[in-house]
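Enquirer: What would the 3D arrangement of this be:
(one chain, ligands or ions: 1)
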Amino acid sequence: MLKNTSVGVTDLMKSYGERTVLNGVSLHVRRGGRTVVLGPNGAGKSTLLEIISTLRSPTSGTVVVEGHDVVTDTRAVRRLIGLAPQSNALDPLATPLEVLGFQGAALGLGTRTARRRSRELVELFRLGDHQNTRIAKLSGGTRRKVDLAVALVGSPSLIVLDEPTTGLDPLARMDFWDELKRLSSDAGSRTLLISTQDLHEAEVLATDIVVLRDGKVIAHDSPDALKSLVGDRTLTLTLDTLESTDRLIEATLAGFRPESGEPTTVRLALPRDPAVLRAALDDIGTVAASVEQMRLAGPSLDDVFAALATG
Ligand SMILES: Nc1ncnc2c1ncn2[C@@H]1O[C@H](COP(=O)(O)OP(=O)(O)OP(=O)(O)O)[C@@H](O)[C@H]1O
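Expert: Residues are numbered from 1 along each chain as shown. Down below sits the predicted model:
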């Protein structure tokens, strides 16, 4: 096990009946980092996180968390991990304080310590106004904060979050991201492992990114390193009519694609290859009279994802 590795996964296979969902996954999750797992629906992200969290067993291969094997040393791994799974399993009739207390008891903390820890977490997540409100009456954002607080009761070295902000409004999400960043910077050796479908979330949170596709790791690097793989920049063009936009998309030599949600905007990831730049200039020439705006920007994780996850 490498010194700065929190989780080591080697040749991990997982099948459900005939179906192989993880097909030889090997990766090292860097200790103290925020590793974000990306991948299209069904890529195996939840399955991977659940195996690391001891909720599912591998078909073959090994997973070691802070030196403990998830299969042979399950109890030790559970003590090290704080988990917030995808679906919220909190008792709707309990209050946040009660839920935190139950978790403390489940971890064998002792009543006094569990109570102190619950109060600390209520303060950390600014849950004071809601601490005695039943879970069923809380907003989605507040409930998600309770989920995260529950994951932290045992002061875990590894926090595993499966799609943590799905369903939260933009403000609650930003608040939540701030909390996560604070959590990882407060304790230098605390590791966060997060799956998401949201590339903006990955952009905000990730120090390391793993891309899964068809049960395999197809990329694992820092966001900047991944971005530099897919090209230097993105060229975005806004045209004045839908007709010209469609004409450009149909006849493009360089590979302009429609920008989602903006019907008269097209974009192109520009690799270093000058042939693509020349083709783009030819494309632009065919609709020159219709161009309203042109922008050149650094590559985004959207480009990385488009190139890796579907390619
Ligand atoms: N208990 C199960 N039995 C059979 N198949 C399963 C089971 N759990 C998951 N799968 C299948 O395994 C595949 C991977 O699922 P998983 O939830 O790990 O993917 P994911 O990348 O997290 O997807 P999503 O982004 O949609 O949450 C899917 O095709 C899913 O249908």
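Enquirer: all helices for the stretch 1-150 of the chain, in order.
Expert: Assigned by DSSP state H, counting those that start in this stretch, the helices in the stretch 1-150 of the chain fall at 45-52, 74-80, 96-106, 111-124, 140-151.
Enquirer: Check the gap between Ile249 and Leu281 for me.
Expert: The spacing between Ile249 and Leu281, counted by C-beta to C-beta, to the nearest Å, is 17 Å. Just so you know, the C-beta spots here come from the backbone N, C-alpha and C atoms, and that holds for glycine as well.
Enquirer: what do you get for Gly154?
Expert: For Gly154 relative to Leu281 (C-beta to C-beta), the value is 58 Å.
Enquirer: Leu229 too?
Expert: 24 Å.
Enquirer: which residue packs closest to the residue of the stretch 51-200 of the chain found nearest the ligand, ignoring adjacent ones?
Expert: Distances between the stretch 51-200 of the chain and the ligand by C-beta to the nearest ligand atom are smallest at Gln197, namely 5.7 Å. In this structure, Gln197 finds its nearest non-sequential neighbour in Glu163, 6.6 Å apart by C-beta to C-beta, 6 or more residues apart in numbering.
Enquirer: In contact with the one you found, which residues?
Expert: Counting by C-beta atoms under 8 Å, 6 or more residues apart in numbering, Glu163 touches 86, 195-197.
Enquirer: can you pick the most crowded of the residues you listed?
Expert: Ser195 (24 neighbours; other C-beta atoms under 10 Å).
Enquirer: For it, name its beta-bridge partners.
Expert: Ser195 forms beta bridges with Val37, Asp162, as assigned by DSSP bridges.
Enquirer: In contact with it, which residues?
Expert: Contact analysis of Ser195 by C-beta under 8 Å, 6+ apart lists 36-38, 45-46, 48-49, 161-163.
Enquirer: Export those residues as JSON lines, with columns for distance to Arg257.
Expert: As requested, those are exported to JSON lines (distance: C-beta to C-beta, whole Å):
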{"residue": "Val36", "distance to Arg257": "24"}
{"residue": "Val37", "distance to Arg257": "25"}
{"residue": "Leu38", "distance to Arg257": "19"}
{"residue": "Lys45", "distance to Arg257": "25"}
{"residue": "Ser46", "distance to Arg257": "29"}
{"residue": "Leu48", "distance to Arg257": "30"}
{"residue": "Leu49", "distance to Arg257": "31"}
{"residue": "Leu161", "distance to Arg257": "31"}
{"residue": "Asp162", "distance to Arg257": "30"}
{"residue": "Glu163", "distance to Arg257": "26"}
